[in-house]
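Peer 1: Build the 3D model from these lines:
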Amino acid sequence: MRRGGVAGNPVLIGAATILVVLVAVFLAYNANRGLPFVPTYELKAEVPSAANLVVGNDVRIGGSRVGFVSDIQAERRDDGSTIALLDLTLERDVAPLPLDSTLIIRPRSALGLKYVEITRGTDSEGYDDGATIPLAAATPTPVEFDEVLNMFDEETRAAAAASTRGFGDAFAGRGESINTAIGAFRPLLRDVVPVARNLASPETNLRRFVVELGDAAAIVAPAAEAQAELFVNLDTTFRALREVARPYIQDSISGGVPALDTAIRTLPVQRPFLRNTEGLFRELRPGAAALRTSAPTIADALEEGTRTLPRTPPFNRRLASLLDELQTFAEDPQVSPGLDGTTETLESLDPTLAFITPAQTVCNYLTLWFRNVSSLLSVGDRNGTWQRFIIVATPQGPNSEGGPASAPANGPTEDNHLHTNPYPHTAAPGQPRECEAGNEPFARGRTVLSNPPGTQQARTEGNP
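Peer 2: Predicted coordinates:
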């Protein structure tokens, strides 16, 4: 008799079937916790609260499940607060998670099911296996569904019902008025556009206006009681004005509209004048500051002027004939060519005067020349005035100044050197600011035939 195989043994087939079913049930039961013998990426994460989060909830990145929450613990911090510490079991494909990644606990449904959503960062460095994601990465703080519903407490619900009922009563039976208001909105909005443009313009400086209003409010706050008394006194004043309200005040109000229209039309035209006026007063500030010290002098001048002005009419009458002569002179046809010629002469003299002027204004040479010329003939000693001939022995050597020479004296002795500066600098335009004539240093043992080296002082006798 032949013995049957395994397939013919009912006991073995049943046992194998039961084993396969047990393995399938085990794998299905632990599917949310990962399959056995599959490597995982373990992380810990600090979160402000793990409310309604349970072990086994999903961990997602971009909506895809990449792991699950394997454990939840409470952790007390040094400052006394309590946070939740989550153990996350993730797939190895996630590793390493960048250090700038963030996470948040989000609701999966309205029934309270939660999951952990991770927003992957871009940092080149990542968390090592077993590392802890800090609390700072758990942002923003999630808002629970029950917190949203708790806003509508009994007082809020009663107020919302009262508002709805009030709006309903306000609009009931007012359709025609609403239509009229909507029709009036169109011209209103059309007029609001230029107003809004003006307010938004940098020239309007609305921001500074609001800030100044706040400063003004802060300044007048201590005077609140005085302002209250002011309004009481205004009430008394307006009671007294009741007697002249018509027609006088009424006429002033009626004329206010045309006045405002005129202002709207003319004020933009006046804007350049006001801008120029503002600039004028800004430039007058130094003069106004100087008035503090010059006010007594101005007062004395005005006082003298009050005594002098009464004597000016006779002078003005005598001046009339002079002005007539000036008019006749101005109408003479020969005057205009003469003035043109004078103008051309002055223009041609301008470069020369510009070159010569520093010789006097900076170096004082003209005054010194006249003084020395007068001294030449009037000042001296017992031998006579300075205008006399004396014998001066010149140094000896080749090209000596004592006789004919083929070149300037240039040695070989230390004294036989010519020092002359035919065109000294006088601080003229294009020259260094120096007064060379009379200030040249004596270069011993050197021949100097032009401007001496270096810059000399810009002063002479009597002119620092």
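Peer 1: what ranges do the strands span in the protein?
Peer 2: 40-47, 58-61, 64-76, 82-91, 102-107, 114-119, 132-133, 380-381, 384-385 (DSSP state E).
Peer 1: Counting by contacts, list what the first one packs against.
Peer 2: If you count contacts as 3 or more Cβ pairs under 8 Å, 6 or more residues apart in numbering; DSSP states H and E, strand 40-47 packs onto strand 64-76, strand 82-91, strand 102-107, strand 132-133. No exception for glycine: its C-beta is placed from N, CA and C like everyone else's.
Peer 1: what pairs with it, and is each one parallel or antiparallel?
Peer 2: Sheet pairing of strand 40-47 (DSSP bridges) gives strand 82-91 (antiparallel), strand 132-133 (parallel).
Peer 1: I'd like these as CSV, with mean pLDDT appended.
Peer 2: Below are those laid out as CSV (pLDDT from 0 to 100):
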stretch, mean pLDDT
strand 82-91, 89
strand 132-133, 90
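Peer 1: so which of these comes closest to Ala295?
Peer 2: strand 82-91 (74.7 Å; Cβ to Cβ).
Peer 1: who's in contact with that closest one?
Peer 2: By Cβ atoms under 8 Å, 6 or more residues apart in numbering, the surrounding residues in contact with strand 82-91 are 33-34, 40-50, 53, 59, 66-77, 97, 116, 132, 135.
Peer 1: okay, Val38: pLDDT?
Peer 2: pLDDT recorded at Val38 is 65.
Peer 1: Kindly report the same for the one 4 residues further on.
Peer 2: Looking at Glu42, its pLDDT is 90.
Peer 1: what about it, how many neighbours?
Peer 2: 15 (other Cβ atoms under 10 Å).
Peer 1: thinking it is in contact with Gly130, fair?
Peer 2: Yes. If you go by Cβ atoms under 8 Å, Glu42 and Gly130 touch, sitting 5.5 Å apart.
Peer 1: could the strands of the chain be laid out in TSV, adding distance to Gly454?
Peer 2: Putting the strands of the chain into TSV (distance: least, Cβ to Cβ, whole Å) gives the following:
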stretch	distance to Gly454
strand 40-47	79
strand 58-61	82
strand 64-76	84
strand 82-91	82
strand 102-107	75
strand 114-119	76
strand 132-133	77
strand 380-381	35
strand 384-385	35
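Peer 1: Thr352 is nearest to which of these?
Peer 2: strand 384-385 (33.9 Å).
Peer 1: And this protein, split by domain according to the record?
Peer 2: Listed by automatic domain parsing, the domain ranges of the chain are 39-136, 156-200, 206-261, 356-378+409-464.
Peer 1: Dump these into JSON lines; add distance to Asp350 as well.
Peer 2: Conversion of those to JSON lines gives the following (distance: least, Cβ to Cβ, whole Å):
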{"stretch": "domain 39-136", "distance to Asp350": "73"}
{"stretch": "domain 156-200", "distance to Asp350": "52"}
{"stretch": "domain 206-261", "distance to Asp350": "50"}
{"stretch": "domain 356-378+409-464", "distance to Asp350": "10"}
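Peer 1: These: which one's closest to Gly305?
Peer 2: domain 356-378+409-464 (33.7 Å).
Peer 1: ok, Phe167 - how many residues close by?
Peer 2: Neighbours of Phe167 (other Cβ under 10 Å): 10.
Peer 1: Then Cys435?
Peer 2: 22.
Peer 1: Verify the contact between it and Cys363 for me.
Peer 2: Yes. Using Cβ under 8 Å, Cys435 is in contact with Cys363, at 3.8 Å.
Peer 1: Show me whatever sits in contact with both of the two.
Peer 2: Thr426, Ala427, Ala458, Arg459, Thr460.
Peer 1: OK, contacts around the third one?
Peer 2: Taking Cβ under 8 Å, 6+ apart, we find Ala458 in contact with Val362, Cys363, Ala427, Arg433, Glu434, Cys435.
Peer 1: Next: the fourth one.
Peer 2: With contact set as Cβ under 8 Å, 6+ apart, Arg459 has these partners: Cys363, Cys435.
Peer 1: What distance do you get for it to Pro286?
Peer 2: 31 Å (Cβ to Cβ, to the nearest Å).
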